[in-house]
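[1] based on what follows, work out the 3D shape:
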Amino acid sequence: MRIITQQTLGGPEVLTVVEAPEPRALPTEVLVRVRAIGLNPLEARLRAGEFPLLGRPPFVLGWDISGVVEQAQTSRFRPGDEVFGMPLFPRAANAYAEVVAAPALHLAPKPASLSHVEASALPVVGLTAWQGLVDIGGVTEGDRVLVHGGGGGVGHVAIQIAKALGAQVLTTTGAGKREFVEALGADEVIDYRAVDFTEAVRGVDVVLDTIGGDTAARSLDVLRPGGHLVTATSEDDKRLADRCEAAGIRFSGIAVDPDPVALRDLVALVEQGRLRVHVQRTFPFERVADAHRLLDDGHLQGKLVLTV
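    Below is the predicted model of the structure:
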């Protein structure tokens, strides 16, 4: 089979397609013939060496997959089943590959309404948004929720989840994505290039930060007393956590995990027509470097996907 690996840290050009032996499925695992691979900004940062989650190269990136079960060392799935998921995160899942061995518990049946491309784009962003808003944020009907980066991967799914929960959804994004996020259900859109959100928003119950930088810290100004700041980018920021405590605001970071219950909850929203995942562009497997150049540029609308 083919895999995408790297021998050194660096730019997209370090990613190379090579031949490798197929993995073996252990008990409780399945062997998946991959049809599509979702790409995430985290993988570009790992490729470049911004932090050592996977150690030193060589390694194989990737977690988001959709494909067909070839072998099953479990009763959860049978050969021929179409599945998708985010196996093993934050440990290496070696998902930039034509065949992946994965714990059956970390996968779910692919919804018939989603193509493999769409399904592969959902797990990382969907689970991050679900765990941030539902499991951690505790969003309920009537809450005011501010989603930073509503046009991006996590953000565009978070808008839809928050709306499904009955929340009033505010989001920051660029002017070029206004129609996109409004179509997803955003009630109020703040163009971050033209407006300071701290002057435009007040009385928010939950903020979901997907941007980083000083966005999380500045969000303290828009939260009500007792509100909740949930960040996918500054989870280890003790200084920010202390500031929240002093201001009477709850602080939580998201360390996304491959929760099979949440994955099935996402499937339920998809099947109800209340959640869709937007794929900005697909690339063939061998053009992974081109896809990573687009990841490096940032400002994506939804997700990028490799097809296998």
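
[2] any idea which helix or strand comes after the longest strand seen in the chain?
    Ranked by residue count, the top strand of the chain under DSSP state E comes out as strand 29-39. Sequence-wise, the next helix or strand downstream of strand 29-39 (DSSP states H and E) is helix 41-48.

[3] residue contacts, Asp135?
    Shown in contact with Asp135 (C-beta atoms under 8 Å, 6 or more residues apart in numbering): Asp259, Ala262. No exception for glycine: its C-beta is placed from N, CA and C like everyone else's.

[4] the stretch 151-300 of the chain: helices as residue ranges?
    For the stretch 151-300 of the chain, helices defined by DSSP state H, counting those that start in this stretch occupy the ranges 153-164, 178-184, 197-200, 215-218, 238-247, 260-271, 288-297.

[5] next, the buried residues of the second one.
    Think helix 178-184. For helix 178-184, a neighbour-count test (16 or more other C-beta atoms under 10 Å) marks Arg178, Phe180, Val181, Glu182, Leu184 as buried.

[6] any idea how far the last one is from Pro87?
    Spelled out, it's Leu184. 27 Å (C-beta to C-beta, to the nearest Å).

[7] so what's the spatially closest residue to Ala72 that is not a sequence neighbour bridging to?
    Counting by C-beta to C-beta, 6 or more residues apart in numbering, Ala72 lies nearest to Val30, which is 4.9 Å off, once chain neighbours are set aside. Taking DSSP bridges as the rule, Val30 bridges to Ala72, Ala102.

[8] give me the pLDDT for Val30.
    Listed pLDDT for Val30 reads 98.

[9] count the neighbours of it for me.
    Per other C-beta atoms under 10 Å, the neighbour tally for Val30 reads 27.

[10] other residues contacting stretch 294-308?
    Residues contacting stretch 294-308 (C-beta under 8 Å, 6+ apart): 11-12, 34-41, 43-44, 67, 96, 98, 117, 120-121, 125, 151-153, 156, 174, 177, 180, 277-285, 287-288, 291.

[11] check stretch 26-35 too.
    Stretch 26-35 has contacts (C-beta under 8 Å, 6+ apart) with 22-25, 65-74, 76-77, 83, 95, 97-105, 107, 116-117, 120, 307-308.

[12] and that stretch, which residues are buried?
    Those would be Glu29, Val30, Leu31, Val32, Arg33, Val34, Arg35, for stretch 26-35 by 16+ other C-beta under 10 Å.

[13] next one: that stretch to chain centre, how far?
    Its chain's C-alpha centre and that of stretch 26-35 lie 22 Å apart, by C-alpha atoms, centre = their mean, to the nearest Å.

[14] just the CA coordinates for it, please, in PDB.
    Presented in PDB, the C-alpha positions along stretch 26-35 are these (Å, rounded to 0.1, in the frame of the first residue of the first chain):
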ATOM      1  CA  LEU A  26      -5.300  -6.600  16.400                       C
ATOM      2  CA  PRO A  27      -8.200  -8.100  18.400                       C
ATOM      3  CA  THR A  28     -11.000  -5.400  18.800                       C
ATOM      4  CA  GLU A  29      -9.700  -3.600  15.700                       C
ATOM      5  CA  VAL A  30     -10.700  -3.400  12.000                       C
ATOM      6  CA  LEU A  31      -8.600  -2.900   8.900                       C
ATOM      7  CA  VAL A  32     -10.100  -0.100   6.800                       C
ATOM      8  CA  ARG A  33      -9.500   0.500   3.100                       C
ATOM      9  CA  VAL A  34      -9.400   4.300   3.100                       C
ATOM     10  CA  ARG A  35     -11.400   6.200   0.500                       C
END
